[in-house]
Structure formats: C-alpha cells, structure tokens
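**Q** Provide a 3D model corresponding to the input given below.
(chains A and B)
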Amino acid sequence: MDLSTLTYIVVGATFLLYIGIAIWARAGSTGEFYVAGKGVHPVANGMATAADWMSAASFISMAGLIAFNGYGASVFLMGWTGGYVLLAMLLAPYLRKFGKFTVPEFIGERFYSKGARLVAVICLILASVTYVIGQMKGIGVAFSRFLETSYEQGLFIGMGIVFIYAVLGGMKGITYTQIAQYIVLIFAYTIPAVFISLNITGNPLPQLGLIGTMADGSGISMMDKLDMVVTDLGFKEYSTQLMGSKLNMFVYTVSLMIGTAGLPHVIIRFFTVPKVADARSSAAWALVFIAILYTTAPAVGSMARLNLMNTIQTGPIGEATANLEYAKAPQWFYNWEKTGLLKYEDKNGDGRIQYYNDKNPEMAAKAEAFGWKGNEMTKVDRDIMVLANPEIAGLPNWVIAIVVAGGLAAALSTAAGLLLAIASAVSHDVIKGMINPEISEKNELMASRLSMVGAIAAAGYFGLYPPGFAAGTVAIAFGLAASSIFPVLMMGIFNKGMNRQGAIAGMIAGISVTMFYVFQEKGILFIPGTAEILQWEGYTKSWFMGISVNAFGAIGALVNFIVAIVVSKMTAPPPQHIQDLVEDIRVPKGAGAASAH
Amino acid sequence: MDNNASKYWQANVRLVSILLVIWFVVSYGFGIILAEPLNAIKIGGVGLGFWFAQNGSIYVFLGLCFYYASQMNKLDKQFGVSED
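**A** Numbering: from 1, shown residues only, chains lettered A, B, ... in the order given. Here you go, the predicted model:
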C-alpha cells in the first residue's frame, strides 16, 4: 500500500478514536468540564498529563534540535523534565489542597485581590496563546504535508478537530482522549527509535544504543563515530558543542524548568486527582511517561544525524565518487524538497551533493582543494528530522504513517489542554469571578465553550499568518510563564508574609521585562517591523550577558522574586485569615473535592 | 500555627531542600558546570557529563519524585495529617 493511503488510514483511525472518546465522555457540569469531576486515577492522570505536556515541540522538534545542537540541546532534555520535580515538590500538592479550579483563582484568593487575579489571567492568556499558536502551526504543517493539502486547508482541518473534542468534551473528555493520544504518540516515537538503534548499534534499547558501539564491527562507539563524522566535515563536535555559552545553557535550563512548573495547563492537571497524596504521585507518574520519550530522544537525534551524514557522504571525504549523486538520492530527499524544508543547490555543478560546514575556514580551504564550491544542502529544517527519520533509515511505510499520527496526537492534545486553560481563565476567573458572580452553571459552561471558540479562532488567525515562529515560540511561552506565574505561586505557598502588593508588582515586573526583551528582538506582539521601536543605538541580539530571548524567562522570574519581596517588605503584611489559609494548604488533612467556592 | 503542624512543615521543607540539592547537582552540576571534567570518565561510549545532561539527570529526577511521594506519605501518617 502506498504511503499516503496508509497515512490516511492510520491518522483517520486514531482521530475516530479520539472523537469517539470525546463524545462518550461529554462533560455535563462545570466541575466535569474543568477538572473531570476529580475522579481520575493518578496513573491515568499522569499519562494524560504527559500527553498534555508533550507537544509538537517535544515530538516533532526536539530530536531535530538535538541532532543539530548535540550536547547544547541538553537544555531541552533537562529543562522539560526537571520542571516536574519542582512541580511535584513545590506546587502540585498545595494547589490540590487548596481545591479550586484555576490558577488565577488561587492567586486571587491567596493574595485577597481581584487585581492579582486579573493580572494572573492576563499572564496566563499571554503564555498560553503564545504556546497554542505554535501547536496550531505544527498541526497545519503536518496535515498539509501528509494529506497533500495546502497549509491553510491543513490548519482548518486541525482547528475543526480541536474544536470538536475540546469544546464538547471539556476536561473529562480531554483526560480520556489524552490517554489514547499518549499511547499513540509513545508508540509512534519509540518504534522507529528501536529499529534505528538496532540497525546502528545492534541494541534494541535506544537508551543503551546511545552509549553503545557501532554494529558495523569497527568496535568504535556510536558517539565517537558521530563526533568524527561531523568534525571531519567541519561541523562542531557533537558531544561537546554548546548552545550559546555555558551561562546561556544554565539560564535556558532554569527558564524551561520553572516555565514547566508555571504553565497553567499543566498545573490544572493536578486539580483532577482525588487526594493530595495523589497529586504528588501523579506528578511522578507523569514524569515516568514523559521520561520514556525524553530518554529516547537523544538516541533518535544522534542516530538521525549519523544516518543523514552517512547518506550524503558515502565514502572518504574528497573522493569524487564519495558524495551522493543527486539523481540517485532516496525518495525522501525529493519529498522533503517539495515542502521547501529541505533545499539542495548544485553549486559546483557535479551532480553530487556536498554537505559540510563552509563557515569553518579550515574546512572551507580543504573543500576548495576538492573542487567544492560551498555547502550544497542550503536548508535542512530541524523540524523535519523526526518525520523524515524513518524514511532516512529505510523503515517500512506503516512506521512512517504511525509517526505522522503520533505527531498530530502530540500537537492536538497540547492544543486542547491549553485551550481549556484559556477558556477556564476567561469564563471562570473573569466572567464568574469578576463580572457576574451569579451566572448559572449552564451559562458559565456556555461562556467557557465560547471563549474556547474565540481562542481557536485567534490561534488559527496567527497560525495562518505566522509571524515567523516555530520551536522558539514555545520556549518564549515558557519564559512568559516562568517570569510571571511560577514565582507568585511559590511565594504564595512558601512565604507566608507575601502580600497582595508584592505579588501584583512582582508579576507585572517579571512579565514586563521578559516581554520587553523578547519584543526587542521579535517585534511588539511579534508583529514584524516593530522591533526597531524598542531598540536603542547599538542594540545587539542577546545583549544581556549573552542570554538569548528564549532563555530570558529565568531572568524575568528573578526580577519577579526580587520586586515582590522588596515591595512586600515595604507594605502591610497579609491579614490573619490569609496567613491561616497558607497554613491550611500546607497540610493535606481536610482536602475535599474542588469546589467553586 | 500549632506545634505539630509547624514540625510537619519543617520536616517537609527539610526533605524538599535535600532533594532539590540533589536535583541541582545532577542537572546543573554534573550536566552543565562540571560536564568537561566528568566527560573524562566514560559510561559506555559517552562522557559522563554528556550522559548526565541527556539521560542520567532524567533518571535521577524520576527517583526523586517517587522518593518524595513515598516519604511525604510517611510524614503525613507520622504527624497525623494524612487525608484518610
């Protein structure tokens, strides 16, 4: 069966499954809509959290980032897992004990202020919408590539699917759908990884393949081989190359970790478990399911890179026949060329492909002697690596079809979770909490669904006219969450003396400096051409200690902490009943089901 | 705050502090700051610093989360603040 028919069948079958589950688990009350009526087992909740968490960025982008950044990409691996440790120990159990529906609701009550709640809602929406745009774009690209439609049509199909199960199902539907999506995506990720690890190292476990030796009988380790192959062509040594500087890697990791712990769509997962003890174990289980993918990713990235290099450079460097002949390139090469994500230009007119680092002067000099006229792989988009990997390794078509289904599962589940967080912030925090507290449950549910529709439309609009972002956008979303939500949640629990004024000032200061730094490079609200307005004479990218915009959330968080503490010291301490509340959330005893009041 | 609850909280904070020190050491310490010297030690075919950054720290994170969950359950019972 040909690839596109097979892809239709596999993707179609998984979608029917998701929609079926969403209809079966339709939410009847606001409690079920927001937090699945609290009846979800910790292991099941952990699995759903993992699907919610692992987006197109984890599934499609990350291994590609690892493939091309080597050691430097460790920031994503540590950052997107280490945050769970913070979540499990610093936030989840206490927020569960507090027993409300949304993150702004906690902030509003803890800081006895509607203003604080409103600021939290704004921060939440900024971070979530930034994140969801990236997912929508991922969905659009994947659909258009594999269903052979235009990007716009792909995006509309994706919006329709998200609409059906997120809007109808609510949290209960989403939780069960996400369990199915986790199973699809983890199979899709690990099957090709096992095949490829077996091919290259003879070890079926990718985690062991990563540290294993080549199966070609040379006795050399896979990593040494890869380091050799890439450095021979003038690229940086895989196992030691940095992302920016060491300091940047450090700060980047901090930013992703605390962003993980501050993203509202992940936090609300821990409101869905029955008990405080379950919130703790649920976070641990979520990390188990995430770790299966995350510990596989380094093997996928390194082996994909090795396969790619070896496919193009087939023999000793410099020999005329040792470079792949374009006319004899494998089919995947032409397929991805069509998408524009892979570009080849025959600069020296020999009909063969030379792929090397022409920016490395030593290598450029050598290449000149070989009669090479520059790197001919003029574009290798990192995001294609996971999708192209099974094709590069020559795996059967059914594996490729499953990978597509897995990528879509990852993107859709995260988009749905984010939409839910946005919807509950608007309907529960703004409409019910501030505008009309007397709203009936039915109308609140309606408002919630309408705000989801609004969010889908907004994300679709930005997805249609993407202001030039992809994986970086996701990191920025983390930075926004890291600099606003995480610090106030943590101080709300661990610092009894933190008051309303401190929390509000901290959130505003943290997210403002982060947005300023980001917009200075990317444009105000990412609108092209507006970046210059914020730049001063002699502005350079990453001007602050060489820290990149994607990593800046950690600095924003630091500003948040400092401002909040200074302001709280200068103003009146929180009233006694708030201090009692903090003491109450610190002990598990007496946690009932979550309630609206 | 009554005496029992404050002792429970102190025990909790102590546990979390110890676990977060380990969390910091394996990721930021072994994976980033000390990566070069550690890379002289090999685990299979890769340097130890590289391994901690890409695989090892994640395994430790998992251990930390489960250990925390089980120790907290013990503390809950010990101080009589458990939910059941």
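
**Q** Next, find the distance separating residue A:457 from residue A:419.
**A** 11 Å (Cβ to Cβ, to the nearest Å). C-beta here means a position set from N, CA and C on the backbone, and glycine is covered the same way.

**Q** Comparing these two, which residue is more hemmed in?
**A** For residue A:457 and residue A:419, the more surrounded residue by other Cβ atoms under 10 Å in any protein chain shown is residue A:419, and the numbers stand at 27 against 12.

**Q** ok, then the element right after the helix or strand hosting that one?
**A** Using DSSP states H and E, the element containing residue A:419 is helix A:397-424. Heading C-terminal from helix A:397-424, the first helix or strand you meet, by DSSP H and E, is helix A:441-464.

**Q** residues in contact with residue 65?
**A** Unless you meant another one, I'm taking chain A. Applying Cβ atoms under 8 Å, 6 or more residues apart in numbering or on different chains to residue A:65 gives the contacts A:73, A:76, A:301, A:382, A:471.

**Q** The intended chain is chain B.
**A** Residue B:65 sits next to A:84, A:85, A:88, A:89, A:280, A:283, A:284, A:287 when contact means Cβ under 8 Å, 6+ apart.

**Q** What is the three-state secondary structure of it?
**A** helix (DSSP: H, G, I helix; E, B strand; the rest coil).

**Q** in what helix or strand does the residue lying closest to it once chain neighbours are set aside lie?
**A** Residue nearest to residue B:65 in three dimensions, not counting chain neighbours: residue A:284, with 3.6 Å by Cβ to Cβ, 6 or more residues apart in numbering or on different chains. Using DSSP H and E, residue A:284 maps to helix A:276-312.

**Q** Just give me how far the helix or strand following that helix sits from the chain centre.
**A** Toward the C-terminus, helix A:276-312 is succeeded by helix A:331-339 as the next helix or strand (DSSP H and E). Centroid separation between helix A:331-339 and its chain, computed with Cα atoms, centre = their mean, to the nearest Å, is 26 Å.

**Q** what does stretch A:146-161 give?
**A** Counting by Cα atoms, centre = their mean, stretch A:146-161 comes out at 21 Å from the chain centroid.

**Q** For it, C-alpha coordinates in PDB please.
**A** Presented in PDB, the C-alpha positions along stretch A:146-161 are these (Å, rounded to 0.1, in the frame of the first residue of the first chain):
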ATOM      1  CA  PHE A 146       0.800  14.200   4.600                       C
ATOM      2  CA  LEU A 147      -2.700  14.800   3.400                       C
ATOM      3  CA  GLU A 148      -1.300  16.700   0.500                       C
ATOM      4  CA  THR A 149      -3.400  19.700   1.000                       C
ATOM      5  CA  SER A 150      -2.400  23.400   1.200                       C
ATOM      6  CA  TYR A 151      -1.100  24.600   4.600                       C
ATOM      7  CA  GLU A 152      -4.300  26.700   5.100                       C
ATOM      8  CA  GLN A 153      -6.600  23.700   4.500                       C
ATOM      9  CA  GLY A 154      -4.400  21.600   6.800                       C
ATOM     10  CA  LEU A 155      -4.800  24.300   9.500                       C
ATOM     11  CA  PHE A 156      -8.600  24.400   9.100                       C
ATOM     12  CA  ILE A 157      -8.900  20.700   9.400                       C
ATOM     13  CA  GLY A 158      -6.800  20.800  12.600                       C
ATOM     14  CA  MET A 159      -8.900  23.600  14.000                       C
ATOM     15  CA  GLY A 160     -12.100  21.600  13.300                       C
ATOM     16  CA  ILE A 161     -10.800  18.500  15.100                       C
END
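
**Q** Contacts for that stretch next, please.
**A** A:4, A:7-8, A:11, A:15, A:18-19, A:136-137, A:139-145, A:404, A:408, A:411-412, A:415, A:456, A:460, A:463-464.

**Q** Just the buried residues of those residues.
**A** Burial by neighbour count, judged by 16 or more other Cβ atoms under 10 Å in any protein chain shown, picks out A:7, A:11, A:15, A:18-19, A:136-137, A:139-145, A:404, A:408, A:411-412, A:415, A:456, A:460, A:463 from those.
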